[in-house]
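Student: Fold the following for me, if possible:
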Amino acid sequence: MFELITNASVFSPEPLGIRQVLVCAGRIAYVGARIPQLDDALEVNVTDLDGARLVPGFIDAHTHLTGGGGEAGPSTRVPPLALSQITRAGVTSVIGLLGTDDLTRSPQNLLSQVMGLREEGLSAWCYTGGYHVPVATLTGSVRSDIVNLEPVIGVGEVAISDHRSSQPTVDEILRIASDAHVAGLMTGKAGIVHFHLGDGARGLSMIRDCLEISEIPPRVFNPTHVNRNKALFEQACELSGLGCNVDLTAFPADSSDSGWSAEEAVLRFLDQGCDSSKLTISSDGGGCLPSFDAQGELLKMGFASCSAMADSFKALLDGGLPTEIALPFMTSNVAHLLRLSGKGHIAPGRDADLLVVDQDNRIDGVMARGVWQVKNREQLVSGLFEE
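Tutor: Model prediction:
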């Protein structure tokens, strides 16, 4: 089946104007002003967008695919994410990880979930490890996991500045970062360490210390949740100037965190003249959003959804940010950091991961690897165990 998308206002993420896009075998075969002439014997499905925007699919680099939570007892464990929970948010590529619970949820569980989502049509990878040090691995070491297991592209989310972390030392963090970096060199993978940042007073000081005393490139150190409080966000802006990529979490509107929403943080990041290519947005989908007091007692528990990606994208556009400025934070910037060469752009030879955005800045259609998952806001493809 060939998929021909006509009269699309294409953003790749840069604006290309009205274009015709031909998809074949899960990849983009053609992007141009003229409608390609195809043999009548070929089966071609045509979708006329009538000027609607066609943009790259979102890459969600922080998803708890096996579910998160459990910090208020076993009943608060979040179930694994189903396919439609991801795709209806406009997410066509996911990177799964483990958080607080890297014991009853294991890298083995996570890898199986990744492979299952791949069978269902999604592009999926994962990190090895979780919050704690020593890192939970599949083959005995971080370096071996990344080198020998194709879906494993880095380490994460390793917790620092958080009462739930294992309180790692700088030397321990450097050893993990070194293993990830070398494995990345050996394989061409991302080879990064994705750090969970809590509300601890130390903030990003440990990462700054690592940069000061080692030769490991700044791109290896990738902190997330940096918009959870205002002081941490300011540190993250400074850290981006040293070459680190920093990740915002698309916290839901009712989040109790005392920081900035992803859209507010984006505007502040740009207003400060920071390098926009060093900023990404992820959802924390499937993860818990707990609030603790000074003694570490749980006050409130919420849970994140991949839908926060679409919500934040809409909020950025509704606020007046041009489409081509907003898109890279969820597409090309993420693809570049994670070395996902087929992702993040609309161009011949790239994967056919595409979103249709309507005039109200909502996701109207989702194509993943050349297959329409959502069309006219109707969910066409669901996971095996979804009702």
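Student: Stretch 139-149 - what's its average pLDDT?
Tutor: The average pLDDT for stretch 139-149 rounds to 97.
Student: any low-confidence regions in the stretch 151-300 of the chain?
Tutor: Along the stretch 151-300 of the chain, the model assigns pLDDT under 70 to residues 253-257, 289-293, 296, 298-300.
Student: Helices of the stretch 201-350 of the chain, start to end?
Tutor: Taking DSSP state H, counting those that start in this stretch as the criterion, the stretch 201-350 of the chain carries its helices at 205-213, 230-240, 262-271, 307-318, 323-326, 332-338.
Student: and of those helices, who's closest to residue 249?
Tutor: The closest of the helices of the stretch 201-350 of the chain to residue 249 is helix 262-271. By C-beta to C-beta, the value is 6.8 Å. Where you see a C-beta, it was placed from the backbone N, CA and C, and this is true even at glycine.
Student: Got the phi and psi for the closest residue to residue 354 other than its chain neighbours?
Tutor: Among residues not flanking residue 354 along the chain, residue 367 sits closest, at 4.3 Å (C-beta to C-beta, 6 or more residues apart in numbering). Here is the backbone geometry of residue 367 (degrees, to the nearest 10): phi -110, psi 130.
Student: before we move on, what about the one 5 residues further on?
Tutor: Comment: the main-chain dihedrals of residue 372 come out as phi -70, psi 110, following degrees, to the nearest 10.
Student: Over to residue 348?
Tutor: Per-residue torsions, residue 348: phi -60, psi 140 (degrees, to the nearest 10).
Student: mind giving me the domain split of the protein?
Tutor: Under automatic domain parsing, the residue ranges defining each domain of the chain are 2-55+342-379, 58-338.
Student: before we move on, back to that, wait, the residue nearest to residue 354 touches residue 27, no?
Tutor: No: with contact defined as C-beta atoms under 8 Å, residue 367 does not count as touching residue 27 (11.5 Å).
Student: Give me the common contacts of the two.
Tutor: Counting by C-beta atoms under 8 Å, 6 or more residues apart in numbering, the common neighbours of residue 367 and residue 27 are residue 352.
Student: quick one on the thing from earlier: would you list the helices of the stretch 201-350 of the chain in a markdown table and tack on mean neighbour count and distance to residue 44?
Tutor: As requested, the helices of the stretch 201-350 of the chain are exported to a markdown table (neighbours: other C-beta atoms under 10 Å; distance: least, C-beta to C-beta, whole Å):
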| stretch | mean neighbour count | distance to residue 44 |
| --- | --- | --- |
| helix 205-213 | 17 | 51 |
| helix 230-240 | 19 | 45 |
| helix 262-271 | 19 | 39 |
| helix 307-318 | 22 | 29 |
| helix 323-326 | 18 | 28 |
| helix 332-338 | 23 | 28 |
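Student: Quick check: which of those is nearest to residue 182?
Tutor: Closest to residue 182 of the helices of the stretch 201-350 of the chain, according to C-beta to C-beta: helix 205-213, at 15.3 Å.
Student: Show residues contacting that closest one.
Tutor: Outside helix 205-213, the residues that touch it by C-beta under 8 Å, 6+ apart are 160-161, 170, 173-174, 177, 195, 216, 218, 221, 223, 239, 242, 244.
Student: likewise stretch 72-86?
Tutor: 60, 63-70, 94, 101, 113, 117, 120-122, 285-288, 290, 298, 301, 303, 305-307, 373, 379, 381-383, 385-386.
Student: now do stretch 230-248
Tutor: For stretch 230-248, contacts defined as C-beta under 8 Å, 6+ apart pick out 61-62, 194, 197, 199, 203-204, 207-208, 211, 217-219, 221-227, 258-260, 262, 265-266, 268-269, 272, 274-275, 278-282, 329, 333, 337.
Student: now do stretch 24-38
Tutor: With C-beta under 8 Å, 6+ apart as the test, stretch 24-38 has contacts from 2-4, 6, 10, 12, 16-23, 44, 342, 346-352, 369-371.
Student: Please repeat the previous calculation with a cut-off of 7 Å.
Tutor: For stretch 24-38, contacts defined as C-beta atoms under 7 Å, 6 or more residues apart in numbering pick out 2, 6, 10, 19-23, 44, 346-352, 369-370.
Student: Can you say which of these are buried?
Tutor: 2, 10, 19-23, 346, 350-352, 369-370 (16 or more other C-beta atoms under 10 Å).
Student: Tabulate those residues (TSV), appending secondary structure, distance to residue 36 and pLDDT.
Tutor: TSV is the format used below for those (DSSP: H, G, I helix; E, B strand; the rest coil; distance: C-beta to C-beta, whole Å; pLDDT from 0 to 100):
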residue	secondary structure	distance to residue 36	pLDDT
2	strand	9	95
10	strand	15	98
19	strand	11	98
20	strand	7	98
21	strand	10	98
22	strand	5	97
23	strand	11	97
346	coil	15	98
350	coil	17	97
351	strand	19	98
352	coil	15	98
369	coil	20	97
370	coil	16	96
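Student: all strands for the stretch 101-250 of the chain, in order.
Tutor: Secondary structure of the stretch 101-250 of the chain, counting by DSSP state E, counting those that start in this stretch: strands at 123-128, 152-160, 192-197, 221-224, 246-249.
Student: thinking again about what came up before, now, among the buried ones among the contacts of stretch 24-38, which is nearest to residue 107?
Tutor: Looking across the buried ones among the contacts of stretch 24-38 and measuring by C-beta to C-beta, the closest to residue 107 is residue 369, at 24.6 Å.
Student: tell me, how many neighbours does the residue lying closest to the closest one once chain neighbours are set aside end up with?
Tutor: Closest residue in space to residue 369, ignoring its immediate chain neighbours: residue 26 at 4.3 Å, by C-beta to C-beta, 6+ apart. By other C-beta atoms under 10 Å, 17 other residues sit near residue 26.
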